[in-house]
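Trainee: I would like the atomic coordinates for the input below:
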Amino acid sequence: MPKLNASELEELIIQGFPDLRDDAWRIEAVDENYVRVRMPYHRSNLRPGGTISGPALMELSDVAMYAAVLAMIGPVMLAVTTSLNINFMRKAEQVDVIGECRLLKLGSRLAVGEVAMHADGDDALVAHATLTYSIPPKDQRPA
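Mentor: Model prediction:
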């Protein structure tokens with residue numbers, strides 16, 4: 001059962017990363033080992049040629065994974081990305097992009113997940129990422 005809901009996750013991440021643009025993404029759903037995040041279309045996410053950039057999609061995948069991990073373990077802000085592999089499947093048009101993260105393994109020290117990303121209104125994948133997160137041991141977490 002998730003320990004944090006969508007609004008709690010959003011607030012926690014915004015507090016932890018105050019320099020993020022406040023309209024950069026929205027957490028839409030949280031379930032057991034699952035989070036859906038929307039990256040609203042913004043021209044700052046474009047690359048030459050008018051498509052959503054790779055770095056923007058990498059950010060979406062990392063935010064989705066971070067949210068999924070925190071949803072399940074609670075507010076452990078020092079959980080960190082140790083690996084991110086992304087495959088770009090097709091052009092991401094100038095619309096919102098949805099990232100759906102599923103945790104494949106959630107251990108006491110490592111979490112492994114995948115994020116499928118698609119344009120809003122289109123189920124075809126624009127990118128797919130696999131990520132690994134390191135979770136600090138309980139005795140090294142801030143009180």
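Trainee: which helix is the longest one in this protein?
Mentor: helix 54-73 (DSSP state H).
Trainee: List the buried residues of the helix or strand following it.
Mentor: Where DSSP states H and E defines the elements, the next helix or strand beyond helix 54-73 is strand 80-88. Neighbour-count burial for strand 80-88, counted by 16 or more other Cβ atoms under 10 Å, picks out 86, 88. In this view, the C-beta of every residue, glycine as well, is placed from N, C-alpha and C.
Trainee: mind listing the strands for this protein?
Mentor: In the chain, the strands defined using DSSP state E lie at 26-31, 34-39, 80-88, 97-106, 110-119, 125-134.
Trainee: What lies in contact with the second one?
Mentor: Right, the one you point to is strand 34-39. By Cβ atoms under 8 Å, 6 or more residues apart in numbering, the surrounding residues in contact with strand 34-39 are 9, 24-29, 45, 56, 59-60, 63-64, 67-68, 71, 96-103, 120.
Trainee: hmm, which of the residues you listed are the buried ones?
Mentor: Neighbour-count burial (16+ other Cβ under 10 Å) is assigned, among these, to 9, 24-25, 27, 45, 56, 59-60, 63-64, 67-68, 71, 96-103.
Trainee: which other helices and strands contact the longest helix of the chain?
Mentor: helix 6-16, strand 26-31, strand 34-39, strand 80-88, strand 97-106, strand 110-119, strand 125-134 (3 or more Cβ pairs under 8 Å, 6 or more residues apart in numbering; DSSP states H and E).
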